[in-house]
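>>> With the sequence up front, the predicted model follows.
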Amino acid sequence: MDLLDEEEKGFSSGDSTEYPSYPLEGNDTSDSDEQNEEKQKLKRKRKAKPESWKKNLTKRLRNEGKQYINKNNKLVRERRLGPPCTEKCKLKCKTKLTNEERQDIFNEYYNLPDLQSKRKFVAFHMSAIIPAYQYKRGKRRNNNAFYFTNKEGARIRVCKSFFLSTLDLSDRFTRTVTEKTISNTEGIVTEDLRGKHGKQRRVDNNLKEGVKNFVKSIPMKDYVDGSKTIAEIHRDYVKKCEENGETSVNYMMFNRIFNEEFNIACYQPEMDQRVDFVAYSNPEENNSTQT
């Protein structure tokens with residue numbers, strides 16, 4: 001029998017129930033693609049990244065003096081170097097600093113990392129003065145002198161308009177710095193206390209430990225083989241706490257502890273692939289089993 005007869009015999013109708021001795025590339029590729037898709041769908045939930053949150057991105061753009069959209073969905077223009085004071089200025093600020101020096105001061109200010117650093121910068125370049133005589137003082141009138149430092153390191157006094165225009169600030173910002181500056185201590189500004197009232201709700205550490213102990217007590221097969229979701233595990237946890245008369249945490253806290261404290265991923269193991277695919281991938285082993 002020649003080679004041609006052997007090939008024809010290998011594809012005869014009597015052998016139609018058996019697989020050829022080599023795999024078909026098209027089906028192998030499609031099955032592997034399905035597996036890859038399934039793995040991608042079942043991968044672990046991503047952890048929170050506060051640096052990529054919209055409000056934090058907006059805060060960073062605002063701190064850098066760049067254009068941003070505020071919470072009222074309005075576009076706020078970028079900060080830019082303003083014009084110097086007019087020729088009528090008594091201090092003649094325009095002749096003391098060039099535009100290049102003003103631009104360097106502007107860049108230095110908006111390269112500072114946070115609001116607290118900016119307030120300290122303004123406080124350092126402000127100095128309280130006590131006039132020999134003054135009329136009745138207004139509520140918002142502060143006796144301050146403003147200074148800038150030139151390239152030689154000398155402090156140069158400038159008017160308030162020149163100071164605010166160089167940094168593109170409002171008068172309200174300087175008033176806030178004045179109010180937060182500790183008396184008789186130049187340049188010391190009280191810390192920004194927004195969000196630091198200390199009354200935030202906190203989850204008791206004993207409750208967190210209870211969640212960890214519950215997750216550790218679960219048989220591995222209940223969530224590794226994909227038979228249970230995190231929501232179902234949380235319901236089991238709540239049920240157990242009710243039976244024991246204990247306080248339970250909500251799903252959000254349970255999910256956070258589950259994803260951050262444990263290196264667990266719910267997925268379908270490769271050993272649970274379809275039987276026909278396994279047999280097809282190992283034709284020689286399949287043939288030996290049949291004989």
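Perfect, thanks for sending it.
>>> can you list the domain ranges for this protein.
80-132+139-180, 203-285 (automatic domain parsing).
>>> Of those domains, which is nearest N63?
Set against N63 and scored by Cβ to Cβ, those come closest in domain 80-132+139-180, at 6.4 Å. All C-beta spots, glycine's among them, are computed from the backbone N, C-alpha and C.
>>> picking that back up, a markdown table for the domains of the chain, including mean pLDDT, mean neighbour count and distance to V189?
Formatted as a markdown table, those follow (pLDDT from 0 to 100; neighbours: other Cβ atoms under 10 Å; distance: least, Cβ to Cβ, whole Å):
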| stretch | mean pLDDT | mean neighbour count | distance to V189 |
| --- | --- | --- | --- |
| domain 80-132+139-180 | 88 | 15 | 5 |
| domain 203-285 | 74 | 13 | 34 |
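>>> Any chance of those domains in TSV with distance to H197 as columns?
Formatted as TSV, the domains of the chain follow (distance: least, Cβ to Cβ, whole Å):
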stretch	distance to H197
domain 80-132+139-180	17
domain 203-285	18
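>>> For K47, find the nearest of those domains.
Closest among these, once you apply Cβ to Cβ, is domain 203-285, at 6.5 Å.
>>> Tell me how many other residues crowd V189.
22 (other Cβ atoms under 10 Å).
>>> Make sure it is actually in contact with A123.
Yes. Between V189 and A123 there is a contact under Cβ atoms under 8 Å: 5.1 Å.
>>> Now for those two: what residues contact both?
Common contact partners of V189 and A123 (Cβ atoms under 8 Å, 6 or more residues apart in numbering): 177, 181.
>>> For stretch 57-69, could you pull out the residues that count as buried?
62-63, 65, 68 (16 or more other Cβ atoms under 10 Å).
>>> Contacts for stretch 122-133, please.
142-149, 163, 167, 169, 173-174, 177-178, 181, 186-189.
>>> How far does it stretch from one end to the other?
Stretch 122-133 has an end-to-end distance of 26 Å (criterion: Cα to Cα, to the nearest Å).
>>> helices or strands up against the longest strand seen in the chain?
As far as residue count goes, and with DSSP state E defining each element, the longest strand of the chain is strand 144-149. Identification of packing neighbours for strand 144-149 by 3 or more Cβ pairs under 8 Å, 6 or more residues apart in numbering; DSSP states H and E yields strand 126-128, strand 155-158, helix 160-167.
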